[in-house]
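*Asks:* sequence first, then the predicted structure, then my questions.
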Amino acid sequence: MLNLKNIEVIYSDVILVLKGVSLQVPEEQIIALLGANGAGKTTTLKAISGLLHTELGEVTDGSIEFQGDRIDRLDPERIVKCGIVQVMEGRPLFEHLTVEENLMVGAYSRNDKPAVRNDLERVYRYFPKLQVLRARTSGYLSGGERQMLVMGRAMMAKPKIMLLDEPSMGLSPLLVKEIFKLIKQINEQEKVSILLVEQNARIALDLSEYGYVMENGRIVLDGPSLKLLENEDIREFYLGLSDKGKRKSYREVKHYRRRKRWLA
Amino acid sequence: MTEFLQLLISGLMEGGLYALLAASIVLVYKSTQVASLAHGQILAFGAIFLYIFLATLHLPLVIALILAFAATALMGLLIERTTLRPLIGQPLFSSFLVTFAVFMLFDGIFQLIVKGGTLTIPHFLPAGTLHAGALMVPAGQLCSFIAALILFGILGLMFRYTKVGLGLRASAENHQLARSTGISVKQIFSIIWVISALVACVAGIATANVTDIYYTLPQMGIKGLIVALFGGLESIPGALIGGIILGILENLSAGYLDPVVGGGLKEVAAYIMLLLILLIKPYGLFGLVRIERI
């Protein structure tokens, strides 16, 4: 459904961030995108959602296609209308608006009022807590509530693909579990594809059907998530496990040599 | 006591117009973060347009009013499109200076039309004064004050209850986030400049109806900016209250202090007030409280 072909992204005309990234998001699947800080995961998401244009970034090569149409030259608001919504890192809210107003902003690109009402009720069914807090100024919400709100807001746009940037960041393990359960539910019940950027590799690979690993602006590894979970390098660098499934003693790792192969 | 009340009432009436002008500046600042110096000209040209349609083309009042509003709205839209939109993403200070350039440009045109004198618009608001005991209220000023209040009410309702209002408030907070949720921020900028120009136009026409189009009329823009700063650049209620306070202060200083110092203090009052307020409350009376979670 969404198809990135060999895209290259340059910031401020000089800084080359993505050096030929290709990935696919098929319908109704969860795709994980893993990688260290600065690998280019967020930039990839922004290239898809068009938010790159707001940061002096540009897709200079390759193409992004969504359901057969090129979208890499469109404004972000047009891309939302096409059905792709990005939930940005750090859970940004319209802090001076109430919870319900935030949700309604999510539906700004739509004109079908009764359906929007319906979807509001549906979002409240997924996140009952938001209904309780509906009149609260959103700037005062807690981290978990904020995460629910940004996901609810994205749902209000009735997207076909949601791009989630680190939904687990800064949340307690229990909350992370709950959030990921909800992500799975949304994926299955709303038939929304999800492109998931995560630092928490274990939970992301458990949830997703297919995964990509990025490093230095390139995809260095991809495959079905189950396969990736068994991959030696993934186990070592992302899950911190050795061959026997035990915790790795980092004293013994010849870090640089293993890394070198990936960077080459 | 009567004198005091009388000054209070005149101040209130004048303040209503300052408040409108300030509100038009606040509207633009709220959503685009640009403090506009150009609004004095928009106000003045609102009056000029009415003068052209009413006094030189002799159109019927209603049509002339509608055309004047349309022309001013177009002027706002053009300013946004030609000077501010190309600067989106550039430092805000550039945008601020560009509004000053716009002010100077239109000031030239304005002076060409007015030629350092006064243009008189046929007064269409009811003439005469209302009397309440010893107090007098000019009917025309009362009309424009009420119109100002109604306009404030409409603005408030629009912001709170309409979809456009929601979009305006959302993009006022965070442009990038607004775009990521599907709001066309450029479209919002255009809408806000049109609304703002219309508000300034009402203020301009009402002012011209009281004082005629005097050659210093555009400088009211500076006072508008002062009121906006005073009330907090992001607050529309702040603009209303700030405007009224300025109007009352001006009239009180004109009534009580001018006889002592020999006149002219009315014009200074505004600036003294601004200095004091900015010393005590740098964000203005109702500036946005930053929400910080601890």
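*Replies:* On my side now, so go ahead.
*Asks:* what's the burial count for A:Lys184?
*Replies:* Residues lying near A:Lys184 (other Cβ atoms under 10 Å in any protein chain shown) number 15. (C-beta placed from N, C-alpha, C; glycine too.)
*Asks:* what is the burial count for the nearest residue to A:Tyr126 once chain neighbours are set aside?
*Replies:* Of all residues not flanking A:Tyr126 in the chain, A:Leu182 sits nearest, at 6.3 Å (Cβ to Cβ, 6 or more residues apart in numbering or on different chains). Look at A:Leu182: counted by other Cβ under 10 Å, it has 17 neighbours.
*Asks:* report the contact partners of A:Leu171.
*Replies:* A:Gly143, A:Gly144, A:Gln147, A:Ile179 (Cβ atoms under 8 Å, 6 or more residues apart in numbering or on different chains).
*Asks:* give me the local confidence score for it.
*Replies:* Looking at A:Leu171, its pLDDT stands at 91.
*Asks:* show me what from chain A comes close to chain B.
*Replies:* A:49, A:51, A:54-56, A:75-77, A:80-81, A:85-86, A:88, A:92-97, A:101, A:104-106, A:108-109, A:137, A:139-140, A:153, A:157 (Cβ under 8 Å from any Cβ of the partner chain).
*Asks:* quick check: residues of the stretch 151-294 of chain B near chain A?
*Replies:* Counting by Cβ under 8 Å from any Cβ, the stretch 151-294 of chain B sits next to chain A at B:163, B:166-167, B:169-170, B:173-185, B:288, B:291, B:293.
*Asks:* go again using 6 Å as the cut-off
*Replies:* B:Gly167, B:Ala170, B:Glu173, B:Gln176, B:Leu177, B:Arg179, B:Ser180, B:Thr181, B:Gly182, B:Ile183, B:Ser184, B:Ile291 (Cβ under 6 Å from any Cβ of the partner chain).
*Asks:* hmm, who's touching stretch B:183-190?
*Replies:* Contacts to stretch B:183-190, defined as Cβ atoms under 6 Å, 6 or more residues apart in numbering or on different chains, come from residues A:Glu77, A:Tyr108, B:Thr32, B:Glu80, B:Gly167, B:Ser171, B:His175, B:Ala178, B:Arg179.
*Asks:* count of neighbours near the closest residue to B:Ile226 other than its chain neighbours?
*Replies:* Using Cβ to Cβ, 6+ apart and skipping the chain neighbours, the partner closest in space to B:Ile226 is B:Leu274 (4.8 Å). Neighbours of B:Leu274 under the rule other Cβ under 10 Å: 19.
*Asks:* give me the element B:Leu274 is part of.
*Replies:* Using DSSP states H and E, B:Leu274 sits in helix B:265-280.
*Asks:* using PDB, write out every CA atom in that helix.
*Replies:* Extracted in PDB, the C-alpha atoms of helix B:265-280 (Å, rounded to 0.1, in the frame of the first residue of the first chain):
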ATOM      1  CA  LEU B 265      -0.500  64.800  28.200                       C
ATOM      2  CA  LYS B 266      -3.400  62.800  26.700                       C
ATOM      3  CA  GLU B 267      -1.000  61.600  23.900                       C
ATOM      4  CA  VAL B 268       1.700  60.700  26.400                       C
ATOM      5  CA  ALA B 269      -0.500  58.700  28.800                       C
ATOM      6  CA  ALA B 270      -0.500  55.600  26.600                       C
ATOM      7  CA  TYR B 271       3.300  55.300  26.500                       C
ATOM      8  CA  ILE B 272       3.700  55.900  30.200                       C
ATOM      9  CA  MET B 273       1.200  53.200  30.800                       C
ATOM     10  CA  LEU B 274       3.000  50.800  28.500                       C
ATOM     11  CA  LEU B 275       6.300  51.400  30.200                       C
ATOM     12  CA  LEU B 276       4.900  50.700  33.600                       C
ATOM     13  CA  ILE B 277       3.000  47.600  32.500                       C
ATOM     14  CA  LEU B 278       6.000  46.100  30.700                       C
ATOM     15  CA  LEU B 279       8.200  46.700  33.800                       C
ATOM     16  CA  ILE B 280       5.800  44.900  36.100                       C
END
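*Asks:* what packs against it?
*Replies:* helix B:220-231, helix B:236-252 (3 or more Cβ pairs under 6 Å, 6 or more residues apart in numbering or on different chains; DSSP states H and E).
*Asks:* B:Val227 touches B:Tyr18, doesn't it?
*Replies:* Yes: counting by Cβ atoms under 6 Å, B:Val227 touches B:Tyr18, with 5.1 Å between them.
*Asks:* coming back round to it: tell me which of the residues of chain A next to chain B fall in helices.
*Replies:* Here DSSP state H is the test, and these give A:Ser49, A:Pro76, A:Glu77, A:Val80, A:Lys81, A:Glu101, A:Met104, A:Val105, A:Gly106, A:Arg153 as lying in helices.
*Asks:* what is the burial count for B:Tyr215?
*Replies:* B:Tyr215 has 16 nearby residues by other Cβ under 10 Å.
*Asks:* before we move on, what about the one 5 residues further on?
*Replies:* Neighbours of B:Met220 under the rule other Cβ under 10 Å: 23.
*Asks:* ditto for the one 4 residues further on
*Replies:* Applying the criterion other Cβ under 10 Å, we find 32 residues in the vicinity of B:Gly224.
*Asks:* where in the stretch 101-250 of chain B is pLDDT low?
*Replies:* Along the stretch 101-250 of chain B, the model assigns pLDDT under 70 to no residue.
*Asks:* all set now, cheers.
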